[in-house]
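Colleague: pasting the sequence and the predicted coordinates here, then a few questions.
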Amino acid sequence: MSWMSYWLSCHQWPWNPSQFQITLDQSVSLLSLSTTLCSLFVFCSFRKRKREEGKGPYVKKPPNAFMLFLKSERKTVQEELGIRNSAAINKVLSERVQNKRELFQAEAQIEADIHALNNPGWSNKANYVSLLCRNVYPSTLEVMTS
DNA sequence: GGCCCTTTGAAGCTG
DNA sequence: CAGCTTCAAAGGGCC
């Protein structure tokens, strides 16, 4: 049973139009549910929207040391082993990063500093879309079970 | 077309 | 404060 059918069964939804009588509490619950679902849709759409280029001032996270290492060594592994799949390449590079970690950590720190200068006040919080969604779910469940 | 996989690490949130 | 979650990159694979 889906959460929607569960909610409807709990609230004895009047499928027959002639029986369309709901209490004030039920209408308030329905309004809250609608509002909450709209919020859920809007917030969860951010994740998809932010990946679209040229829409909004989305600022990406600065790359960490391993990400810089991946960018640097990806083509080498592709040519060396003839692998195109990034998941497989990443596995190989995770083994090779050991002796170059400190070098790329220093570079990552520079990247982070430049990112901070170019984007004053920016925080990872701006990219944490699902936390917003997570705040919506409990209230949705609260409406469903009230 | 869009999500998943796969990795490390930074940063934020939760209990 | 420990533990969990997300997202940075990338491109093949899959639905």
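Modeller: Perfect, I can see it now. Numbering: from 1, shown residues only, chains lettered A, B, ... in the order given.

Colleague: what packs against the helix or strand hosting A:A116?
Modeller: Under the criterion of DSSP states H and E, A:A116 resides in helix A:101-118. On a contact count with 3 or more C-beta pairs under 8 Å, 6 or more residues apart in numbering; DSSP states H and E, helix A:101-118 meets helix A:65-81. C-beta here means a position set from N, CA and C on the backbone, and glycine is covered the same way.

Colleague: and the next helix or strand past the helix it packs on?
Modeller: The C-terminal neighbour of helix A:65-81 among helices and strands, as given by DSSP H and E, is helix A:86-96.

Colleague: returning to that earlier point: angle of the helix holding A:A116 against helix A:65-81?
Modeller: Between the direction of helix A:101-118 and that of helix A:65-81, the angle (axes from the mean of the first three to the mean of the last three C-alpha atoms, to 10 degrees) works out to 120 degrees.

Colleague: which of the residues in helix A:101-118 are buried?
Modeller: Neighbour-count burial for helix A:101-118, with 16 or more other C-beta atoms under 10 Å as criterion, is recorded at A:104, A:108, A:111.

Colleague: contacting DNA strand B as well, which ones from those?
Modeller: A:A108 (C-beta under 7 Å from any atom of the strand).

Colleague: mind putting the buried residues of helix A:101-118 into CSV with pLDDT?
Modeller: Rendered in CSV, the data for the buried residues of helix A:101-118 read as follows (pLDDT from 0 to 100):
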residue, pLDDT
A:F104, 96
A:A108, 96
A:E111, 95
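
Colleague: tell me who's in contact with A:W122.
Modeller: By C-beta atoms under 8 Å, 6 or more residues apart in numbering, the contact set of A:W122 is A:59, A:115-116.

Colleague: what pLDDT does it get?
Modeller: At A:W122 the predicted local distance difference test score is 90.
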